[in-house]
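1. need a structure here:
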Amino acid sequence: MGERLQTYAADNASVIKADIDLADWPQSVQVLNSTLIEEQNAQTLTDVLTNVSSVVASQDQEQVLVNPFIRGLESEIYLDGLIAYGDTAVIDPSSLAVVERIEVAKGANSVLYGGGTGAPTGGLINLVTKSPLPDSHYEFVLKGGSHSTRAIQADLNQPVSDALLLRLAGEWYESDDTIDAVEVKRRTINPSAGWDISASTRLLVRGFYNQIEQLEYTGLPAQVADIAGVRPDQFSGAVNAPFTEIENKALHISLDHSLSDDLSMTLQARYFANRFDEFSSFPFLSFFPIAGTSAPIIRGRLPVDTDEITLDAAFQYNMDLGARGVHALLVGVTWDNTEYEAGSGFDFTPIGVLDYASPANTLDFGTVPAINQMVENEYQTLAVYVQDHITIAANWRLLLSGRYSRYSLDEVLGGTGADETYSEFDPRIGLTYKLSDTLSIFAGYATGSRVVPFFTGVNSRPPVPEESESYELGLKFAGGTLSGTLALFRLERDHIPQTDLTDPFFGSVQNGRQKSEGAELDLIWEPNPDISVLASAAYVDAVNQTDIASFGTLFPAGNELSRVPRRSARLAGRYRFSAGVLRGLGVGIGMTYADEAPLTDANVFYSDPYTVFDLQADYRINRFNLRLNVVNLTDKEYFKPWQYLLQEVVRQGQERSVYFSVGVEI
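-> Predicted coordinates for the structure are as follows:
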């Protein structure tokens, strides 16, 4: 193997679907590559996303129906550029063993992306999985550390011939948790094959299998979290509850073909299946208020079965029209069909009372609740998109693009439902001007649209698509020792479903509006191959523009959006010894800051502001690589927002933890 380039900076990203430098693209896009992921010895996707400004990632074990946030609004996770049912975050594998890089595209992205229930409003997170390489390579990693963490990773790359390449990456992982009694088990495997059919045609087949089992944590009620005697790591239900099980399966086929030097096409097809069965025991504070430090505990079950087929065909044509500019034209069509079946069962008879100040938890989960509510939904998207990136003279770049989408929705929930078809047009316009070889200014505008799922209740009218608008103005640094983006942004989201006060448990009304605006910075400074410094910071003012109804209570317009800190920052530095007796040693240190954040849109309780530090070191000797990282170096005690049924609950921040790994390359 050749010497790997040690750098965090990236010049391009697959998420923009064009061979265009990010410096010329009028949108904030950040790329976290394999070097950064490995050197920080990140354990989960959540760990890596702390490096990107204005991202609030779903926490570990929070995957079920909890999406990440970007710029204050909901975002979604994509896998190799295609949607994986866009209303859940269960595709989050947590494991990074199969991930090559992570791309974050901020703002409305409906022009290029959709399917499921549509494109995300705040942005998208694209996980690019490992694919075959031309050189033989075998790597095995053993991991261990705090909370009884133990893991085995393998990455096997083997060319069969010059034309046929194979790769298999995977992980077996088990650990306990900061929260008492919580256990997590993960199995992830990613086989892939690349076949160069001819000099102009390449076929890539990727498989993805992921299984997670975990004792479901439902949060510590905020109103008791700071009471003396209450354990911050107290489990909030019955410790003998069945494990929640998540299973993801995907088969992705991609065919790239060059029709000429200037014309190429990409055909993609993917089948994605998700099954999860969530078991939980929790306080339901709206029905059973806390008395002192005690609350009645009820139990529930949520089984879900999703099948999705996605097809995407795109043609890219590069044209030099002289005085009319150089055009990178992209024309594509997407079809997506998603079938979603789910049930829910809640037993509102408490299984007992939990005293959060008591050291003993004797609750018994009992029998599994019966399923008493069934949902059978189908979503279909057919869309055509056109994108033209125009180079005008030496310094100007113009982006003109648009997407026509036809959404179909067929939902059945008990005795109610909806059967609707909509048409939406979403444009994107952007302009970039190169001030110098290393600095450019950009401005962009885009809209987004998506279907509103689960819109039910006795007073519900047929739903209309949710819509969003995104504005950006910023600077881009590239081509020198400094790379990254400084941006001002404004996002607006409309037609958001909210609780119907006359039918507070099941009803919806689609009168919500949200706004998010602010500034963010993402920079990487690399003066030489030995030094990398990453800095990110964000100011996000995200509010509801309408009154908010939640379980029979009305909260005024102007409330801040849940889980979104107004200020956040990350600073991480890395030094690599490339000569002398310490050659092969790398050390790094990082700092993460987040402001307080409301736990729900009601803004009754807020999480703690916090600053935590992390430390990393690795040593490469011959074919071996030893890594060590320390999380929460100073053992800071704090609480973070936790999402469960829109309740005012928190989770203890991770205590000081130490992780190590031993890897060998063959």
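
2. Please make it C-alpha for all contacts and neighbour counts, starting now.
-> Noted.

3. partners of the lengthiest strand in the chain, with directions?
-> Using DSSP state E, we find that the single longest strand of the chain is strand 326-355. Sheet pairing of strand 326-355 (DSSP bridges) gives strand 294-320 (antiparallel), strand 373-392 (antiparallel).

4. Distance to Glu655, mean neighbour count and mean pLDDT for those - can I get that in TSV?
-> Formatted as TSV, the strands paired with strand 326-355 follow (distance: least, CA to CA, whole Å; neighbours: other CA atoms under 10 Å; pLDDT from 0 to 100):
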stretch	distance to Glu655	mean neighbour count	mean pLDDT
strand 294-320	25	20	94
strand 373-392	39	20	92
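
5. got TSV for those, with distance to Arg570 too?
-> Listed next are these as TSV, based on distance: least, CA to CA, whole Å:
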stretch	distance to Arg570
strand 294-320	36
strand 373-392	33
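
6. Which of those strands sits closest to Arg428?
-> strand 373-392 (8.6 Å; CA to CA).

7. can you give me the strands for the stretch 551-666 of the chain?
-> Secondary structure of the stretch 551-666 of the chain (DSSP state E, counting those that start in this stretch): strands located at 553-555, 567-576, 585-594, 610-621, 624-631, 639-642, 649-652, 657-665.

8. Tabulate the ones you listed in a markdown table, adding columns for mean neighbour count.
-> Formatted as a markdown table, these follow (neighbours: other CA atoms under 10 Å):
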| stretch | mean neighbour count |
| --- | --- |
| strand 553-555 | 13 |
| strand 567-576 | 21 |
| strand 585-594 | 20 |
| strand 610-621 | 19 |
| strand 624-631 | 20 |
| strand 639-642 | 26 |
| strand 649-652 | 25 |
| strand 657-665 | 18 |
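
9. Tell me which of these sits nearest to Leu166.
-> For the strands of the stretch 551-666 of the chain, the distance to Leu166 is smallest for strand 657-665, at 17.0 Å, taking CA to CA.

10. Please put the alpha-carbon coordinates of the closest one into PDB.
-> This file holds the C-alpha atoms of strand 657-665, laid out as PDB (Å, rounded to 0.1, in the frame of the first residue of the first chain):
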ATOM      1  CA  SER A 657     -14.600   7.100  29.200                       C
ATOM      2  CA  VAL A 658     -11.400   5.500  27.800                       C
ATOM      3  CA  TYR A 659     -11.400   3.500  24.600                       C
ATOM      4  CA  PHE A 660      -8.500   1.700  22.800                       C
ATOM      5  CA  SER A 661      -8.000  -0.400  19.700                       C
ATOM      6  CA  VAL A 662      -5.300  -2.600  18.200                       C
ATOM      7  CA  GLY A 663      -5.300  -2.900  14.400                       C
ATOM      8  CA  VAL A 664      -3.200  -4.900  12.100                       C
ATOM      9  CA  GLU A 665      -2.900  -4.600   8.300                       C
END
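
11. buried set for the longest strand of the chain?
-> Residues of strand 326-355 classed as buried: 326-347, 350-355 (neighbour count, 16 or more other CA atoms under 10 Å).

12. Ok, stretch 169-187 next?
-> Buried, per 16+ other CA under 10 Å, within stretch 169-187: 169-179, 182-187.

13. Show me the residues you listed that map onto helices.
-> Using DSSP state H, no member of those falls within helices.

14. from those residues, which ones fall inside strands?
-> Under the assignment DSSP E, the buried residues of stretch 169-187 contribute 169-175, 184-187 to strands.

15. And the helices in this protein?
-> Going by DSSP H, the chain shows helices at 34-39, 45-49, 222-225.

16. Good, we can wrap up now.
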